[in-house]
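**Q** following is a predicted model, sequence given first.
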There are 2 protein chains.
Amino acid sequence: MNKKLLGIGLASSLISLGFLTVASAADPKPKDVAEYRQSVYTIIGWNFKPIAAMVKGEVPFDAAAVARHAQYVELMSKAALEGFAKGSGPDAVKHTEAKPEIWTNWDKFETAMNDFQQEAVKLTEVAKGGDEAAIKAQFGKTAETCKACHKEFRKD
Amino acid sequence: MNKKLLGIGLASSLISLGFLTVASAADPKPKDVAEYRQSVYTIIGWNFKPIAAMVKGEVPFDAAAVARHAQYVELMSKAALEGFAKGSGPDAVKHTEAKPEIWTNWDKFETAMNDFQQEAVKLTEVAKGGDEAAIKAQFGKTAETCKACHKEFRKD
């Protein structure tokens, strides 16, 4: 393989980071990978729920609180994909709601995750602006990306 | 209670956020609070271990990777305290390594957590600088704050 091809190969590997097998440098076990991703989603939920409560009018709207929570949702959205290393699916892990389709249909899963990331980034931006109507609209768009991905790739 | 005293009371309550009972606006249950804090520590561990592996020389040193991981450690260090709401200790939650001393000795616990936060912030700063020796030294200081807090406030 010449240098140019090697370079392309490396770039492809980096782009397809989600395809990395579990046996990496730090060598996390499939169970650890699953626990990590479940933790990521727990923290997303922890921060998403108070925003939802404000959007629904169950608690008073607080743009600064939304901005803080949205920042954590955004950061976790960027940290989620590494929790789906190949070999950490239901074949290897007992307690997981991740469907095998994540790995058999990786490109579609990755696209769905990117959609979530993009909307989460926008939610942080909009939240910093403090415009309640805009925040509520962007919250809805973000929630839609959650639902779309769960519908296809998470067991009920 | 007159308005002035009420104001002082409110300010004190806000400062002692860790003393808030679990029954807040979003109303997370003690089990949910414990799950949240455990998730925070899972993500801290997930990001701390690869840095440790680099510091120990088990894997090649990569300052950019350290910086990314350190950022997550820092952000989680800032999100950890809200996972120790009053009423979420071993009396209320089955599976927890949190000792009752967290709540009976809250000021000391909060100080230990602040120490961790401060060292984690410095680790991110130093990691961005890229100086391997400085990063390793700051990693050691950060790890010391973990150990100090675990020793006193976490069951083995």
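**A** Perfect, thanks for sending it.
**Q** so which residues on chain A come close to chain B?
**A** Counting by CB under 8 Å from any CB of the partner chain, the positions of chain A adjacent to chain B are A:25-26, A:28, A:32, A:35-36, A:38-40, A:42-43, A:46, A:49-50, A:53, A:58-59, A:72, A:75, A:79. Where C-beta positions appear, they are placed from N, C-alpha and C, glycine not excepted.
**Q** please save the CA atoms from the regular element (helix or strand) spanning A:Ile135 in PDB.
**A** According to DSSP states H and E, A:Ile135 maps onto helix A:132-153. The C-alpha coordinates for helix A:132-153 follow below in PDB (Å, rounded to 0.1, in the frame of the first residue of the first chain):
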ATOM      1  CA  GLU A 132     -38.400  31.600  25.000                       C
ATOM      2  CA  ALA A 133     -40.400  30.800  21.800                       C
ATOM      3  CA  ALA A 134     -37.200  30.000  19.900                       C
ATOM      4  CA  ILE A 135     -36.000  27.800  22.700                       C
ATOM      5  CA  LYS A 136     -39.200  25.900  22.800                       C
ATOM      6  CA  ALA A 137     -39.200  25.400  19.000                       C
ATOM      7  CA  GLN A 138     -35.600  24.200  19.100                       C
ATOM      8  CA  PHE A 139     -36.300  21.900  22.000                       C
ATOM      9  CA  GLY A 140     -39.000  20.200  19.900                       C
ATOM     10  CA  LYS A 141     -36.600  19.700  17.000                       C
ATOM     11  CA  THR A 142     -34.100  18.100  19.300                       C
ATOM     12  CA  ALA A 143     -36.600  15.900  20.900                       C
ATOM     13  CA  GLU A 144     -37.700  14.700  17.400                       C
ATOM     14  CA  THR A 145     -34.100  13.500  16.700                       C
ATOM     15  CA  CYS A 146     -34.200  11.500  20.000                       C
ATOM     16  CA  LYS A 147     -37.500   9.900  19.000                       C
ATOM     17  CA  ALA A 148     -36.500   9.100  15.500                       C
ATOM     18  CA  CYS A 149     -33.300   7.300  16.700                       C
ATOM     19  CA  HIS A 150     -35.000   5.400  19.500                       C
ATOM     20  CA  LYS A 151     -37.800   4.200  17.300                       C
ATOM     21  CA  GLU A 152     -35.400   2.500  14.900                       C
ATOM     22  CA  PHE A 153     -32.500   1.600  17.100                       C
END
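**Q** that helix - contacts with which helices or strands?
**A** helix A:30-55, helix A:63-79, helix A:101-104, helix A:106-129 (3 or more CB pairs under 8 Å, 6 or more residues apart in numbering or on different chains; DSSP states H and E).
**Q** re earlier: show me just the buried residues among the residues of chain A next to chain B.
**A** A:26, A:28, A:32, A:35-36, A:38-40, A:42-43, A:46, A:49-50, A:53, A:59, A:72, A:75, A:79 (16 or more other CB atoms under 10 Å in any protein chain shown).
**Q** pretty sure A:Ser39 sits against B:Ile43.
**A** Yes. Counting by CB atoms under 8 Å, B:Ile43 is a contact partner of A:Ser39 at 5.3 Å.
**Q** count of residues packed around A:Asp131?
**A** 13 (other CB atoms under 10 Å in any protein chain shown).
**Q** how close does it sit to chain B?
**A** Look at A:Asp131 and chain B: by CB to the nearest CB, to the nearest Å, they are 22 Å apart.
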